[in-house]
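Participant: give me a 3D structure for the following:
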Amino acid sequence: MPSITLSDQQHPIEQGQTLFEVADLLGVHLPSSCRRDGSCHECIVQIDAGMDSLSPRTDEEAFLSDPYRLACEATVISDAQDIAVSVMARRPQILTQTAATDVIFEPRTLRQGDTIVRDGEVIDSYRDGVYGLAVDLGTTTVVAHLVDLESGERVYTTAFENPQTFGGSDVLHRIKYDTDSGHSGELRKVVVGHLNAEIRRMPIKRVQIYEMAVAGNATMRDLFFGLDVTSLGQKPFWSQTETAVRGGDLPTTSLSVAPKETDLLMNRRGVVYGVPLVACHVGADTAAAMLATQMHNSDEITMLVDIGTNTEIVVGNKDRLIAASSPAGPAFEGGGIRAGMPGLEGAIERVWWEGDRAEFSVIGDVAPRGVCGSGLVDAMAELRRHEVIDTMGRFGDGGEEYLLSETPRVALGREDISELSQAKAATYAGQKILLRELGVGFEDVAKVYVAGGFANYLNLENAIAIGLMPSIPVERMIKVGNASLEGVTQIVCSKDRLAQVEELVRGVEHVELEEQSDFFDIYVDGCFLEPMMMM
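Facilitator: Predicted structure coming up:
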């Protein structure tokens with residue numbers, strides 16, 4: 001009998017039911033802040049199979065293209081075939097841990113007796129709690145800490161996939177969607193809706209939230225605040241705020257707005273702060289990560305590498321810092337790879353060689369469904385190490401794929417390796433060019449801070465072996481977890497850290513990688529699966 005599969009649960013098909021009603025029957029939570037009339041645009045789902053068995057797209061769904069629908073609008077009209085539905089904003093293996101550093105706890109908003117005071121001004125009466133929310137708004141994932149602004153304790157953490165993927169998997173596609181599709185504002189609306197759904201789950205009253213700080217790359221941050229992102233898709237790739245600062249019209253690229261301007265569920269006398277940008281696509285998330293590592297106060301040369309859809313790289317010390325952004329794309333997060341997937345249950349996350357073949361472990365200890373980023377790096381390193389593929393990713397036996405699992409079938413093909421090699425090459429080129437620009441070699445770098453969710457699960461030896469990370473001793477590499485989240489949390493907790501981040505971004509030099517005369521040559525070198533060497 002045909003069935004609907006939704007969030008890995010099955011239900012017999014019954015004509016006339018909406019997908020939202022099916023979710024209710026299965027106990028699957030879908031975000032919604034309207035009366036299921038299609039107006040909030042939050043219950044977006046992805047139709048993996050059986051689109052023809054659903055009612056035609058309604059006017060409320062005009063902002064979506066295949067394979068996306070609103071669960072409250074999509075009605076089952078046929079039981080002729082199975083229907084498979086993926087819920088947006090799933091809860092995969094998302095990094096929420098941070099490498100905390102000592103911070104003077106001195107928030108801008110605090111309790112004084114029976115009143116709430118911000119920067120010396122009384123803004124409200126005490127309502128049995130004072131909280132701040134620190135948000136790391138990534139292209140792929142969203143993570144937030146709820147902080148008690150009376151004690152400094154991080155009392156609640158939430159994490160979910162960024163639901164904006166209907167507009168594209170990377171920032172350039174989302175810029176195009178927001179500016180060219182005729183549906184400007186939909187990306188902002190859906191992520192704010194999901195964040196509000198998370199706020200409703202928190203063990204506090206929303207009127208007790210007085211501070212929110214948001215970090216993200218330039219595109220994610222500006223979309224969140226409702227800014228026009230057209231300029232971020234065109235040279236010189238400046239945010240509206242960066243253009244205003246360069247023109248002398250604004251003192252900082254940071255943003256500070258009232259909650260009503262963002263539609264967020266928090267105290268109306270609160271404030272929403274957007275962390276300042278470094279330059280171009282080196283965004284607020286990088287500024288927050290630099291703050292967390294305190295590399296701007298270091299005597300030694302250090303390097304920050306945050307690998308993601310865009311890889312941000314910063315090199316230097318207290319005397320000079322230079323930064324760049326490498327458009328790595330979504331390959332290491334599963335995008336464009338046949339067997340690629342996020343770090344969900346069923347993803348191969350570790351690969352090693354045993355006997356004459358590759359063995360693996362799977363998230364959740366279940367049958368494999370695909371391979372996530374850390375498993376892809378391991379697989380490439382092991383296949384190269386045992387000469388199954390050459391440095392160009394070609395199979396030695398003339399084949400087109402390597403079968404990791406027969407049942408279920410999970411394979412890594414020649415085209416997949418090519419995609420991964422190109423994604424790796426962008427990160428490779430950025431690191432080599434910045435080190436050269438600073439005039440230092442691997443031996444001069446005292447520490448490499450490896451940041452981000454993907455990097456946290458990375459086998460660093462394997463990353464070095466294929467040239468994803470520089471040829472620096474592993475003991476000098478420090479995984480700092482979600483450094484962006486840590487930095488933005490420190491900003492919520494400390495006026496000193498807020499002042500620091502505003503100051504440090506002014507001193508960072510930005511390098512536009514593609515303007516380097518030999519960028520393409522270095523990029524091509526980076527496509528080879530071999531260790532990174534200095535020029």
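Participant: low-confidence bits of the stretch 201-350 of the chain, can you list those?
Facilitator: For the stretch 201-350 of the chain, applying pLDDT under 70 flags no range at all.
Participant: again, only this time at 90
Facilitator: In the predicted model, the stretch 201-350 of the chain carries pLDDT under 90 at residues 307-310, 326-338, 340-347.
Participant: walking through it, point out its helices one by one.
Facilitator: Per DSSP state H, counting those that start in this stretch, the stretch 201-350 of the chain carries helices over the ranges 218-224, 240-246, 284-293.
Participant: go through those and pick out the most buried.
Facilitator: Ranked by mean neighbour count under mean count of other Cβ atoms under 10 Å, the helices of the stretch 201-350 of the chain are led by helix 284-293, which reaches a mean of 30. Where C-beta positions appear, they are placed from N, C-alpha and C, glycine not excepted.
Participant: can you pull the domain assignment for this protein?
Facilitator: Using automatic domain parsing, the domain parsing of the chain gives 3-87, 109-285.
Participant: make JSON lines out of those domains and add distance to residue 338.
Facilitator: Output for the domains of the chain, formatted as JSON lines (distance: least, Cβ to Cβ, whole Å):
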{"stretch": "domain 3-87", "distance to residue 338": "15"}
{"stretch": "domain 109-285", "distance to residue 338": "15"}
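Participant: most tightly packed of the ones you listed?
Facilitator: Of those, domain 109-285 is the most buried (mean count of other Cβ under 10 Å), at a mean of 20.
Participant: now it: how far from the chain's centre is it?
Facilitator: In terms of Cα atoms, centre = their mean, to the nearest Å, the centre of domain 109-285 is set 14 Å apart from its chain centre.
Participant: before we move on, what about stretch 482-496?
Facilitator: Between the centre of stretch 482-496 and the centre of its chain there are 17 Å (Cα atoms, centre = their mean).
Participant: swap in stretch 499-517?
Facilitator: Distance of stretch 499-517 from the chain centroid (Cα atoms, centre = their mean) equals 21 Å.
Participant: ok, now stretch 487-506?
Facilitator: Worked out by Cα atoms, centre = their mean, stretch 487-506 lies 21 Å from the chain centre.
Participant: quick one on the thing from earlier: distance to residue 342 added to the helices of the stretch 201-350 of the chain, as TSV?
Facilitator: Shown next, in TSV, are the helices of the stretch 201-350 of the chain (distance: least, Cβ to Cβ, whole Å):
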stretch	distance to residue 342
helix 218-224	17
helix 240-246	31
helix 284-293	18
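Participant: report the buried residues of stretch 378-398.
Facilitator: Neighbour-count burial for stretch 378-398 flags 378, 379, 380, 381, 382, 383, 384, 388, 389, 393, 395 (criterion: 16 or more other Cβ atoms under 10 Å).
Participant: and of those residues, the nearest to residue 22?
Facilitator: Nearest to residue 22 among these: residue 379, at 36.4 Å, using Cβ to Cβ.
Participant: bridged to the closest residue to that closest one other than its chain neighbours, which residues?
Facilitator: Closest residue to residue 379 apart from its sequence neighbours, by Cβ to Cβ, 6 or more residues apart in numbering: residue 351 at 4.5 Å. On the basis of DSSP bridges, residue 351 is bridged to residue 360.
Participant: surely residue 351 meets residue 382?
Facilitator: Yes: between residue 351 and residue 382 there is a contact at 5.7 Å, judged by Cβ atoms under 8 Å.
Participant: need the overlap of contacts for the two.
Facilitator: Residues within reach of residue 351 and of residue 382 at once, by Cβ atoms under 8 Å, 6 or more residues apart in numbering, are residue 358.
Participant: contacting residues for residue 76?
Facilitator: 4, 13-19, 22, 53-55, 83.
Participant: how much space between residue 122 and residue 150?
Facilitator: 16 Å (Cβ to Cβ, to the nearest Å).
Participant: just residue 134 next, same as before
Facilitator: 16 Å.
Participant: try residue 460
Facilitator: From residue 460 to residue 150 the distance is 39 Å (Cβ to Cβ).
Participant: now do residue 265 against residue 155, distance only.
Facilitator: In terms of Cβ to Cβ, residue 265 sits 17 Å off from residue 155.
Participant: repeat that for residue 471.
Facilitator: With Cβ to Cβ as the criterion, residue 471 and residue 155 are 42 Å apart.
Participant: can you check residue 357 too?
Facilitator: 47 Å.
Participant: again with residue 338
Facilitator: For residue 338, the distance to residue 155 - Cβ to Cβ - is 42 Å.
Participant: equivalent analysis for residue 172, please.
Facilitator: For residue 172, the distance to residue 155 (Cβ to Cβ) stands at 37 Å.
Participant: contacts only, for residue 324.
Facilitator: By Cβ under 8 Å, 6+ apart, the residues touching residue 324 are 282, 312, 313, 430, 433, 434, 510, 511, 512, 513.
Participant: quick revisit: switch the contacts of residue 76 over to CSV; also include distance to residue 221 and pLDDT.
Facilitator: Compiled in CSV, these are given as follows (distance: Cβ to Cβ, whole Å; pLDDT from 0 to 100):
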residue, distance to residue 221, pLDDT
4, 37, 92
13, 42, 89
14, 43, 89
15, 44, 92
16, 43, 94
17, 39, 93
18, 34, 94
19, 32, 94
22, 35, 92
53, 39, 94
54, 35, 95
55, 37, 95
83, 37, 94
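Participant: please flag which of those sit within strands.
Facilitator: In this view, those that belong to strands under DSSP state E are 4, 83.
Participant: and the contacts of residue 76, which of them are in helices?
Facilitator: 19, 22 (DSSP state H).
Participant: which of the contacts of residue 76 sits closest to residue 489?
Facilitator: Out of those, the member with the shortest distance to residue 489 (by Cβ to Cβ) is residue 19, at 36.2 Å.
Participant: spatially nearest residue to that closest one, not counting backbone neighbours?
Facilitator: residue 71 (4.0 Å).
Participant: residue 458 now?
Facilitator: Nearest one to residue 458, counting by Cβ to Cβ, 6+ apart, is residue 374 at 5.4 Å.
Participant: show me what contacts that neighbour?
Facilitator: 343, 349, 350, 454, 457, 458, 459.
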